[in-house]
Every structure is written in structure tokens, then in C-alpha cells.
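**Student:** the following comprises the amino acid sequence and a computationally predicted model.
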Amino acid sequence: MQFQRQHTINGVSYFEAGDGEPLVLIHGVGMRLEAWAPQIATFAKTHRVIAVDMPGHGESARLPTGSKLEDFVAWFGRFLDELNIDAANIAGHSMGALISGGAAATFGRRIRRVAYLNGVYRRNPEAKAAVMSRADAIRANGVDRDGPLKRWFGDDDSSLSARDLTRGWLGMVDPEGYAIAYCAFAGGDDTYADRWRDVRCPALFLTGSDDPNSTPEMATQMAAITQNGWARIVEGHRHMVNLTAPHNVNRLLAEWLEHQEEEPR
């Protein structure tokens, strides 16, 4: 599939395909909208799928240095405004999950459903120290292309293609855009953590059983406090689960898209 990008007047690049209820896809740090290729191919048959390049990634303009997670969430709200989208389903991966969670917490009924793929929640002190150390190192050493691949993938042959694609995307990313987004990601795991209790739309929390940072425990904790939330764990996979297990992930996303809002419990 070719991804012919469109651009908003505010410098956001995106790809759109299909018709129907909007499904907006937000990738993670260091990636680009192509990381959603298996999901775009499937859900463009039933939905208006919009995959967006996060600020400073792909062809989207950066946010200012020092931007926090709240600024990325506000950016996403402006993007919905520019596309005249009144209500949408949102699926985010990693940093994109943090943005989608912030949108679900603050945009009210504008978010019909939220899918939180391989997203973090209240890192423990050791994990927080490690991610902050990586954020600090970016300014001094530039984009680390090897560390993410070791954390995100196993050594199995089935992950080779996804690993090669990911290595290429990391090699293309704007270093300053990456640094800005990663710093927001590193400090964002607590930003909206207390707001999941207020989210009423259907909320899927999905991760890989072997993801060392966006853990199954995090997914189940968020699901337990969300009124209409549930966790799904893809066994034997790590961080880039939408690429390494696309059929399983697409099946779980299809189930999520069929859920309706329930009365608060």
C-alpha cells in the first residue's frame, strides 16, 4: 500500500483511506504512520481510517522544545478540528497511547472509543529512572537505534521483517522531533493516570505478554479502574505487537469497535 500523505494548514501530515465512522491511529516515538500498515489495510474496508504522523515525525512539524504530554494532546485536538471530526475512535501505540488516553480523559464524548496499545501507566521507580536516563541521553548522543530494537523485539524469526522496518523508521526520524517527543513520553506516565476512572467510552488496553516496559500488569491495572475497560494480552510478543501479531491485534481491535458505551458501574 502506498501512503500518499495530505497536510493540514498547521503542518500535520496524515494518510486517509476508507469511509464510515472515523478511526484515528497515532504511532509511537521514533515511528511514522506507516507503522499502522496492517491496521490501515484491514479497517479501511469498514471505517474512515486516518493515520497521523506525530509532531516531529514523518512529515509533521515539531512542537516547541520542552513540550509536555498535555501539549501533544492539545495538538491532537487541533488536528481533529482541522479535519472537522466531531467524534472519533482513537487507537494509539506507545506515546500515541498516552496521547489517546489524554484525549479520552479530556475530550469527553468527542472520543467514541479508545484503544491503548502498549501504553505505560505509573512506571515503578526503576523503570522511571531508566526512561528519564534515556531521555537525557538523546540530547548528548542523538537517536538510539539499537536500544529500542532490543527492548521492542525478541530474537524470533517472525519478528525479522517488523524489526527491519522499525530500524529504517528510526533512521529516518528528525532527531530534534524525536527528542521533544521522547521527553514528553518519559514524563507522561502519570499525567492522566488518575483520569481513567472518569473515562466512560469503551476502552481497550492491549499489550504483549513479553513487553518489558508497557507491561501486562499496567494494562490490567488501567482496565480495572476504567468504567468500560478491559485488558487483552497477546502472548509471546513484545512492544511492536501491531506489527508482529497483526492478525491477533486486528481481531481485538474489531471487537473493540463493536463495543457500545455502557452505563457507569
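**Tutor:** Cool, got the structure. Residues are numbered from 1 along each chain as shown.

**Student:** the closest residue to residue 122 other than its chain neighbours: how many residues sit nearby?
**Tutor:** Leaving aside its chain neighbours, residue 122 sits nearest to residue 193 (5.3 Å; criterion: CB to CB, 6 or more residues apart in numbering). In short, each C-beta sits where N, CA and C put it, glycine included. The local packing of residue 193 (other CB atoms under 10 Å) involves 17 other residues.

**Student:** and what of residue 172?
**Tutor:** Neighbourhood size, residue 172 [other CB under 10 Å]: 13.

**Student:** thinking again about what came up before, okay, the residue nearest to residue 122: pLDDT?
**Tutor:** Residue 193 carries a pLDDT value of 95.

**Student:** offset the numbering so it begins at 659, please.
**Tutor:** Noted, 659 is the first residue going forward, which turns the last one into residue 851.

**Student:** please enumerate the strands of the stretch 809-923 of the chain.
**Tutor:** 861-866, 887-892 (DSSP state E, counting those that start in this stretch).

**Student:** contacts for the host helix or strand of residue 728?
**Tutor:** In this structure, residue 728 sits in helix 727-740 according to DSSP states H and E. Judged by CB atoms under 8 Å, 6 or more residues apart in numbering, the contacts made with helix 727-740 from elsewhere in the structure are 666-668, 670, 672, 682, 684, 710, 712-713, 721-722, 746, 753, 756-757, 760-761, 764-765, 768, 839, 842-843, 845-846, 849-850.

**Student:** got a PyMOL select line for the buried ones in the residues you listed?
**Tutor:** Here the buried members of the contacts of helix 727-740 are turned into a PyMOL selection, burial being counted by 16 or more other CB atoms under 10 Å:
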select buried, resi 666+670+672+682+684+710+712+713+721+746+753+756+757+760+761+764+765+768+839+842+843+846+849+850
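
**Student:** many thanks, I have nothing further to ask.
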